[in-house]
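Enquirer: Give the three-dimensional model of this entry:
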Amino acid sequence: TLSTAQFLDDVALLQEESLPKASQELNAVTLMTLHSAKGLEFDGVVICGLEEGVLPSGQSVYEPAAVEEERRLLYVGMT
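Expert: Numbers count the residues shown, from 1 in each chain. Below is the predicted model:
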């Protein structure tokens, strides 16, 4: 089995363009952030962590521009 660090190293090596195609070919789940998913399309999407302090991040709550950016990213993820 892979450790978390090994898994993250392997995932980091994948190119963003290959992720949707690779996950469809392997019939697998692709785990990524909203930032890395921008511009990609998937048949099904599950967005986790939609709770206060996670999305929007606790660090951006005090910066209106940062909250707006996270809101835009969530909208893109949902649509």
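Enquirer: okay, CA-based contacts and neighbour counts for the rest of this
Expert: OK.
Enquirer: in this protein, which segments are predicted with low confidence?
Expert: 12-26 (pLDDT under 70).
Enquirer: Can you pull up the most central residue in it?
Expert: For the chain, the residue sitting closest to the mean C-alpha position, by C-alpha atoms, centre = their mean, is T33 at 1.8 Å.
Enquirer: Tally up the residues packed near V67, please.
Expert: Other residues lying near V67 total 18 when counted by other C-alpha atoms under 10 Å.
Enquirer: quick one: what helix or strand has it in it?
Expert: helix 64-78 (DSSP states H and E).
Enquirer: Extract the CA atoms of that helix and return them as PDB.
Expert: What follows is helix 64-78 as a C-alpha-only set of coordinates in PDB (Å, rounded to 0.1, in the frame of the first residue of the first chain):
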ATOM      1  CA  PRO A  64     -14.000  40.100   0.600                       C
ATOM      2  CA  ALA A  65     -12.100  39.600  -2.600                       C
ATOM      3  CA  ALA A  66     -10.800  36.200  -1.500                       C
ATOM      4  CA  VAL A  67     -14.400  35.100  -0.500                       C
ATOM      5  CA  GLU A  68     -15.600  36.200  -4.000                       C
ATOM      6  CA  GLU A  69     -12.900  34.100  -5.700                       C
ATOM      7  CA  GLU A  70     -13.800  31.000  -3.600                       C
ATOM      8  CA  ARG A  71     -17.500  31.600  -4.500                       C
ATOM      9  CA  ARG A  72     -16.600  31.800  -8.200                       C
ATOM     10  CA  LEU A  73     -14.600  28.600  -7.900                       C
ATOM     11  CA  LEU A  74     -17.500  26.800  -6.200                       C
ATOM     12  CA  TYR A  75     -19.900  28.000  -8.900                       C
ATOM     13  CA  VAL A  76     -17.600  26.600 -11.600                       C
ATOM     14  CA  GLY A  77     -17.400  23.300  -9.700                       C
ATOM     15  CA  MET A  78     -21.100  23.000  -9.400                       C
END
